[in-house]
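**Student:** Based on what follows, work out the 3D shape:
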Amino acid sequence: MAATPKDVRIVCGLGNPGAEYALTRHSAGFAVIDALAERHGVRYWKSEGGCDTATIKIRRNGEMQEILLAKPQSYMNTSGGPLSKIARAHKVSPAEILVVHDEVDLPEGRIQVKFGGGLNAHNGLRSIADKLGTRDFSRVRCGIGRPPGKMSVADYALRKLKGAYVEEFLVMAQDAADAVQRCLEQGVASQL
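**Tutor:** Prediction:
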């Protein structure tokens, strides 16, 4: 029987820690988590299992429920370790996890909700699938588009954004935060 998404209990944004990576396409997941935290008035982050975590409350099925926001502080390629640690600590199954990440196969600024499926050579997703032992987790994919010309995907994803690109990036983060909010309140299945 195919797995199906359950009510989300952890939202994990992917990115690289440190100020030098803050405004890069590869850290789109962190930007979305920060946007959600700001909307919900998060004042306190703690270090837990290799992640920066905070909790928010959302109304789901007529009652308030706590959601854990997580930003793994290892680098992107090893984000599965910290995420699997906090999932175990909070007794959260993979089907209750929503991962927010950058996606080169979507046009810049486009947001897509997905459950399970391929990893598209995304090292963060590969690490998570390896550590959780499954690909059956929900994702909010933040389109960053393909690099121009002959630029490598890595250079494109890790290049510090400037000027109008920063504005577009922050708008995308808010749009993706809207998508996450809908997944939390209405369920991932309703957004697929």
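**Student:** make it CA atoms for all contacts and neighbour counts henceforth
**Tutor:** OK.
**Student:** then the lengthiest helix in the chain to PDB, C-alphas only?
**Tutor:** Using DSSP state H to define each element, the chain has its longest helix at helix 164-186. Output of helix 164-186 as PDB, limited to C-alpha atoms (Å, rounded to 0.1, in the frame of the first residue of the first chain):
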ATOM      1  CA  ALA A 164      16.300  42.900  -7.200                       C
ATOM      2  CA  TYR A 165      17.200  39.200  -6.700                       C
ATOM      3  CA  VAL A 166      17.000  39.600  -2.900                       C
ATOM      4  CA  GLU A 167      13.500  41.100  -3.300                       C
ATOM      5  CA  GLU A 168      12.300  38.200  -5.500                       C
ATOM      6  CA  PHE A 169      13.900  35.700  -3.100                       C
ATOM      7  CA  LEU A 170      12.100  37.100  -0.100                       C
ATOM      8  CA  VAL A 171       8.800  37.200  -2.000                       C
ATOM      9  CA  MET A 172       9.300  33.600  -2.900                       C
ATOM     10  CA  ALA A 173       9.900  32.700   0.700                       C
ATOM     11  CA  GLN A 174       6.600  34.400   1.700                       C
ATOM     12  CA  ASP A 175       4.800  32.500  -1.000                       C
ATOM     13  CA  ALA A 176       6.300  29.200   0.100                       C
ATOM     14  CA  ALA A 177       5.400  30.100   3.800                       C
ATOM     15  CA  ASP A 178       1.800  30.500   2.600                       C
ATOM     16  CA  ALA A 179       2.000  27.100   1.000                       C
ATOM     17  CA  VAL A 180       3.400  25.600   4.200                       C
ATOM     18  CA  GLN A 181       0.600  27.300   6.300                       C
ATOM     19  CA  ARG A 182      -2.000  25.700   4.000                       C
ATOM     20  CA  CYS A 183      -0.400  22.300   4.300                       C
ATOM     21  CA  LEU A 184      -0.400  22.700   8.100                       C
ATOM     22  CA  GLU A 185      -4.000  23.900   8.400                       C
ATOM     23  CA  GLN A 186      -5.700  21.900   5.600                       C
END
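**Student:** Same question for that helix: list its buried residues.
**Tutor:** 169-170, 172-180, 183-185 (16 or more other Cα atoms under 10 Å).
**Student:** With stretch 130-142 instead?
**Tutor:** 131, 132, 135, 136, 137, 138, 139, 140, 141, 142.
**Student:** From one end of that stretch to the other, what's the distance?
**Tutor:** Terminal residues of stretch 130-142 lie 22 Å apart, using Cα to Cα, to the nearest Å.
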